[in-house]
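Could you look at this predicted model? Sequence included:
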Amino acid sequence: MAWLEITIQTDQGNVDRTAAVLTAAGFSELVIEDQQEFSDFLEQNRACWDYIDEKLQKQLQGLSRIRLYLEDTDTKSLDKLEALIAELGLTMQKASLAEENWEESWKDNYPPVELGKRLVILPYWLVDTYTGGRTPVILDPGLTFGTGSHPSTQMVIEAMEETVKAGDCCLDLGSGSGILSITALRLGAKQAVGVDIDPKAENMARENAAANGYGSEEFTALTGDVTADSALMAQLTGQYDLVLVNIVADVIIHLAPVLPRFLSEDSVLICSGILYSRLEDVQGALDRAGIDAVRVCAREDWRCIIAKRRIT
């Protein structure tokens, strides 16, 4: 099936009104590219990010437009859209797209990712065709953070390969797709507990664990904020051999005061998702919580801290 890509140029600050008019007219699947909306989203969600791709920011500079797609044979919808755009006093451009299986082409963006000496992050649709000798961590990527492609995740997994021992119990705070919990189990851990504030992440992590052959005896997925949810804290009783926190600097700093209760004198804490510019802030928070950095790993602009609880 061939498609037309329609690009509608809007005025700054007017993209929401235009999108509402299009939706009301039956054009509901819209792609909005608007610098102001992007800036507003970042400002409202500062706790969730430390780093924004400069290329993306430059691409959005001054932009305010809407894209949508129509089948190239749908002349009725095209005529309706052209009349609506003219009525709004806007302009639009049409571009033909080559025929492609869009439902499957997105999978090309998720090849196997080999990490460390033994592991490969493997999308579920490649399980039957993978012929390498590495231990697979099978995922349904793209829906929840954690595909193995980011330097922060890669550093954690490589550190885990050196750290995890047979029979370990692992706590994964900010578990996302469950990639780190599943990796711990693949490396020999006995049990893993993944915690995320997003309930969608809980379901996805549980499904990914099942795809790797792990049920409720090996993997537990929970939803909540360990710093504010006393009921959740009651479920996370005891100490863990390995605690993983792969999020962003501000969240790690926020979590630092509660981390020692999960750590014994032999436990290992691995924190990642830390920009170099925030490394000192995170180390300071860990130090105040009685946790000492043993080693800091670096990859591109990102840092990963391997740490231990201070014994007094």
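Alright, I've got the coordinates.

Let me see the contact set for the residue lying closest to V195 once chain neighbours are set aside.
Closest residue to V195 apart from its sequence neighbours, by CB to CB, 6 or more residues apart in numbering: L222 at 4.8 Å. To be clear about C-beta, it is placed using only N, CA and C from the backbone, and glycine gets the same treatment. Contact analysis of L222 by CB atoms under 8 Å, 6 or more residues apart in numbering lists V193, G194, V195, D196, E202, L232, Q235, L236.

Could you pick out which of those are located in helices?
E202, L232, Q235 (DSSP state H).

Filter these down to just the buried residues.
Buried residues within the ones in helices among the contacts of L222, counting neighbours by 16 or more other CB atoms under 10 Å: E202.

Rebuild the ones in helices among the contacts of L222 as a markdown table, extending it with distance to G273 and pLDDT.
Rendered in a markdown table, the data for the ones in helices among the contacts of L222 read as follows (distance: CB to CB, whole Å; pLDDT from 0 to 100):
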| residue | distance to G273 | pLDDT |
| --- | --- | --- |
| E202 | 19 | 91 |
| L232 | 21 | 90 |
| Q235 | 24 | 89 |
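
Surely D287 is in a helix?
Yes - counting by DSSP: H, G, I helix; E, B strand; the rest coil, D287 is located in a helix.

what does the model give it for pLDDT?
Note for D287: predicted pLDDT of 98.

picking up where we left off before, export the ones in helices among the contacts of L222 as TSV, with columns for distance to Y130.
Formatted as TSV, those follow (distance: CB to CB, whole Å):
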residue	distance to Y130
E202	27
L232	37
Q235	36
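
could I get the contacts of L222 as JSON lines with distance to C297?
Below are these laid out as JSON lines (distance: CB to CB, whole Å):
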{"residue": "V193", "distance to C297": "24"}
{"residue": "G194", "distance to C297": "22"}
{"residue": "V195", "distance to C297": "23"}
{"residue": "D196", "distance to C297": "23"}
{"residue": "E202", "distance to C297": "28"}
{"residue": "L232", "distance to C297": "29"}
{"residue": "Q235", "distance to C297": "31"}
{"residue": "L236", "distance to C297": "26"}
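
With respect to V127, which of those residues is nearest?
Taking CB to CB as the measure, V127 lies nearest G194 of the contacts of L222, at 21.4 Å.

Just give me the neighbour total for E71.
12 (other CB atoms under 10 Å).

likewise the one 3 residues further on?
Residues lying near D74 (other CB under 10 Å) number 13.

ok, it - contacts?
Taking CB under 8 Å, 6+ apart as the definition, D74 has no contacts.

Give me the sheet partners of the longest strand along the chain and which way each runs.
What stands out as the longest strand in the chain, according to DSSP state E, is strand 263-275. In the sheet, strand 263-275 lines up against strand 240-246 (parallel), strand 302-309 (antiparallel) (DSSP bridges).

Pick the most deeply packed of those.
Among these, strand 240-246 has the highest mean neighbour count (mean count of other CB atoms under 10 Å), at a mean of 25.

Could you pull up the mean pLDDT of that strand?
So the average pLDDT for strand 240-246 ends up being 97.

Now do the nearest residue to M233 once chain neighbours are set aside, the pLDDT please.
The shortest distance from M233 to any non-neighbouring residue, by CB to CB, 6+ apart, is to V226 (6.0 Å). V226 is assigned a pLDDT of 89 by the prediction.

now S105
62.

P112 too?
Reported pLDDT for P112: 88.

what do you get for the one 10 residues further on?
We have a pLDDT of 92 for L122.

Quick one: the strands in the chain, in order.
3-9, 31-34, 64-71, 91-97, 113-115, 119-123, 135-139, 169-173, 191-196, 219-223, 240-246, 263-275, 291-299, 302-309.

shaky segments in the chain?
Low-confidence segments of the chain (pLDDT under 70): 1, 35-62, 99-106, 142-146.

Would you map out the domains in it?
The record's domain parsing of the chain by automatic domain parsing lists 3-100, 109-309.

Quick check: the residue lying closest to Q191 once chain neighbours are set aside vs D241, distance?
Distance criterion CB to CB, 6+ apart; nearest residue to Q191, sequence neighbours excluded, is C169 at 4.8 Å. Distance, C169 to D241, using CB to CB, to the nearest Å: 5 Å.
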